[in-house]
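> Quick one, structure for this:
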Amino acid sequence: MEDVVQNHNGQVVAVSVSLKKGVKKTNILQGSLIENYGLENDAHAGDWHRQLSLLAIESISKIRKKGLDVNPGDFAENITTEGIRIWELPVGTRLKLGENAVVEVTQIGKECHDRCAIFKQVGDCVMPREGIFVKVLKGGAISPEDRIQILNHQGENTQYDETR
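Prediction:
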């Protein structure tokens, strides 16, 4: 895997939804991001700070190298990205997804309450460390191969802290 240069534009690899929380998501051809809500038809959408989850294909590749056949959506992420080290983006960073949508990073990583099936199979899961969560500031259509552009680098890079 080649090193990814930060401040570089990336792209959407997959858009995924699920009707229930805590399950793998299904890839779709196009989604609709709704302002201050999230991804239409997804269980995690709503009026809160984790409206949308993103995980890099580079992170998924780490688990593939451990011998597990995993794909975009398997970590319950909504948007699988490529070309940006999203786990290094500071909270407050704004990203443009596709032609119109704008999101803001609200959380890096998360607490994994129950060890997921992937953790049980390979002893590791990247979503708690390298997945990020965003809120939708401006809605728009989102599809695989859409461009992702970093608009700013505000805030501090705050990893998930269980004490908060």
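> Go through this structure and flag its longest helix.
helix 57-64 (DSSP state H).
> Which other helices and strands does it contact?
strand 79-82 (3 or more CB pairs under 8 Å, 6 or more residues apart in numbering; DSSP states H and E). Backbone N, C-alpha and C define where each C-beta goes, glycine included.
> if we go to 10 Å?
strand 10-17, strand 79-82, helix 117-122, helix 127-130 (3 or more CB pairs under 10 Å, 6 or more residues apart in numbering; DSSP states H and E).
> Lowest average pLDDT across those?
Mean pLDDT is lowest for helix 117-122 among the helices and strands packed on helix 57-64, at a mean of 55.
> ok, now how distant is the most centrally placed residue in the chain from T93?
By CA atoms, centre = their mean, the mean C-alpha position of the chain lies nearest to L54, the distance being 0.4 Å. Going from L54 to T93 by CB to CB, to the nearest Å gives 11 Å.
> Now the common contact residues for the two.
Residues touching both L54 and T93 by CB atoms under 10 Å, 6 or more residues apart in numbering: I86, V103, V105, I132, V134.
> Pull the longest helix of the chain out as CSV, backbone CA atoms only.
Provided in CSV are the C-alpha atoms of helix 57-64 (Å, rounded to 0.1, in the frame of the first residue of the first chain):
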residue,chain,number,x,y,z
ILE,A,57,-10.3,1.3,2.1
GLU,A,58,-6.7,1.5,3.3
SER,A,59,-7.9,0.6,6.8
ILE,A,60,-10.0,-2.3,5.4
SER,A,61,-6.8,-3.5,3.6
LYS,A,62,-5.1,-3.9,7.0
ILE,A,63,-7.7,-6.5,8.0
ARG,A,64,-7.5,-8.2,4.6
